[in-house]
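J.: Structure here, sequence nowhere to be found:
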């Protein structure tokens with residue numbers, strides 16, 4: 001069983017790594033984001049570059065032979081050399097997995113309300129992606145998902161479950177879960193109250209649920225593709241039927257359009273994104289969204 005703990009690189013967290021390992025946690029995911037002080041300050045991170053470097057070494061010293069480092073690119077005032085430098089430093093720490101993703105301005109965040117100056121334009125961001133992906137491949141990290149790179153056999157088990165449209169339980173304040181049940185394979189998404197005190201006060205009662213949502217059959221193809229088309233491996237049409245309870249025939253029209261664009265390859269009942277399709281994942285997924 002893979003048991004992953006999200007951890008920060010700050011000294012306070014590092015001192016607990018040995019205790020985490022003794023508890024049975026066998027994988028860490030460490031939120032580095034960058035090793036450069038200026039970039040960390042721009043992101044509002046509380047750790048510094050030295051703590052970020054030490055975290056990888058301390059994880060191994062604590063007995064973790066399986067750990068992930070989170071890195072971001074497309075940061076304010078980040079150059080191609082800056083991005084490559086961050087990635088080289090991460091590789092030097094010898095993690096088994098690197099999550100390398102581009103900064104996006106999400107709604108209800110400070111950056112979305114007040115976008116920082118100096119975010120690389122699309123051409124510069126593409127240069128970073130091409131050069132850094134080549135560096136990751138050269139170092140032995142295979143890309144298996146939009147932002148995930150792993151050494152052989154070290155893909156993230158829990159993330160693969162999400163992306164393969166598997167079920168999972170959400171336990172605790174703010175947790176989300178997904179459960180499939182019933183003869184018609186109803187898919188239920190459920191979430192818990194976000195505020196820890198409100199969650200504790202209502203523990204053991206239906207009030208602890210923040211809400212739930214049964215995904216309508218017409219939404220299932222989009223929800224499925226939103227996850228599965230992130231993966232390089234693609235999916236089998238038989239798997240689609242077993243996960244959603246729908247006939248594969250509901251995919252005929254959007255699959256045909258995606259194949260026509262050169263975005264997907266459909267062979268012997270298996271659907272897989274092409275290299276071009278991986279560049280336009282959002283466009284591919286939108287084909288499966290009901291009007």
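T.: On my side now, so go ahead. Source: prediction; values computed, not measured.
J.: Identify the residues contacting the helix or strand harbouring residue 220?
T.: If you go by DSSP states H and E, residue 220 is part of helix 220-228. By Cβ atoms under 8 Å, 6 or more residues apart in numbering, the residues outside helix 220-228 that reach it are 162-165, 187, 215, 234-235, 240, 243-246, 250-251, 254, 284-285, 288-290. In this view, the C-beta of every residue, glycine as well, is placed from N, C-alpha and C.
J.: rerun that using 7 Å as the cut-off
T.: Helix 220-228 is contacted by residues 162-165, 187, 215, 235, 240, 243-244, 246, 250-251, 285, 288-290 when judged by Cβ atoms under 7 Å, 6 or more residues apart in numbering.
J.: Next: stretch 277-291.
T.: With Cβ under 7 Å, 6+ apart as the test, stretch 277-291 has contacts from 146, 218-219, 221-222, 225-226, 229-230, 254, 257-258, 263-264, 273.
J.: again, only using 8 Å
T.: Contacts of stretch 277-291 (Cβ under 8 Å, 6+ apart): 146, 218-219, 221-222, 224-226, 229-230, 232, 251, 254, 257-258, 261-264, 273.
J.: ok, back up a step: please list only the buried members of the contacts of helix 220-228.
T.: Neighbour-count burial (16 or more other Cβ atoms under 10 Å) is assigned, among the contacts of helix 220-228, to 163-165, 187, 215, 235, 240, 243-244, 246, 250-251, 285, 288.
J.: Sort out which of those residues are in strands and list them.
T.: 187, 235 (DSSP state E).
J.: Inside helices: which ones of the buried ones among the contacts of helix 220-228?
T.: Residues of the buried ones among the contacts of helix 220-228 located in helices (DSSP state H): 163, 240, 243, 244, 285.
J.: Would you agree the second one is in contact with residue 251?
T.: I take that to be residue 240. Yes. Judged on Cβ atoms under 8 Å, residue 240 makes contact with residue 251 at a distance of 6.9 Å.
J.: Secondary structure class of the closest residue to residue 5 other than its chain neighbours, three-state.
T.: Nearest non-adjacent residue to residue 5, counting by Cβ to Cβ, 6 or more residues apart in numbering: residue 25, 4.8 Å away. Following DSSP: H, G, I helix; E, B strand; the rest coil, we place residue 25 in the coil state.
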